[in-house]
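[1] using only what follows, build the 3D model:
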Amino acid sequence: MLLGIFCTLLTLIFFVPIPQETETLSSVLLGGLVSSLTSVLSWWFDSTESADAQAHKRLELEDATPS
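    A predicted model of the protein is given here:
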């Protein structure tokens with residue numbers, strides 16, 4: 001769905017003759033979409049790295065404790 005919105009906005013901005021106001025609005029919407037996508041991806045990678053680090057730390061502690 002997001003890819004469809006992204007492609008539609010790009011098409012409106014670069015390939016369709018539209019009024020200046022609509023072009024500006026499309027550009028702002030495209031910027032907001034890219035910003036939101038960047039934030040979501042950043043959060044996802046940070047949470048994934050955090051989970052991996054915790055799992056690695058847990059494994060190190062289990063290996064270090066005598067059985």
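[2] what's the offset of the biggest helix by length in the chain from the middle of its chain?
    Using DSSP state H, we find that the single longest helix of the chain is helix 20-64. Per C-alpha atoms, centre = their mean, to the nearest Å, the displacement of helix 20-64 from the mean C-alpha position of its chain is 5 Å.
[3] mean confidence for it?
    Helix 20-64 carries an average pLDDT of 85.
[4] could you list every helix and strand in contact with that helix?
    Contacting helix 20-64 under the criterion 3 or more C-beta pairs under 8 Å, 6 or more residues apart in numbering; DSSP states H and E are the following elements: helix 2-14. Yep, even glycine has a C-beta here, placed from its N, CA and C like the rest.
[5] counting contacts, what elements does the helix it packs on pack onto?
    Using 3+ C-beta pairs under 8 Å, 6+ apart, helix 2-14 sits against helix 20-64.
[6] coming back round to it: quick one, the longest helix of the chain and helix 2-14 angle?
    Angle, helix 20-64 to helix 2-14, by axes from the mean of the first three to the mean of the last three C-alpha atoms, to 10 degrees: 150 degrees.
[7] contacts for stretch 41-59 next, please.
    By C-beta atoms under 8 Å, 6 or more residues apart in numbering, no residue outside stretch 41-59 reaches it.
[8] do the same with stretch 4-13
    So stretch 4-13 is contacted by 18, 22-23, 26-27, 29-30, 33 (C-beta under 8 Å, 6+ apart).
[9] tally of neighbours for residue 30?
    Close neighbours of residue 30, defined as other C-beta atoms under 10 Å, add up to 17.
[10] can you check residue 26 too?
    19.
[11] residue contacts, it?
    9, 12-13, 18.
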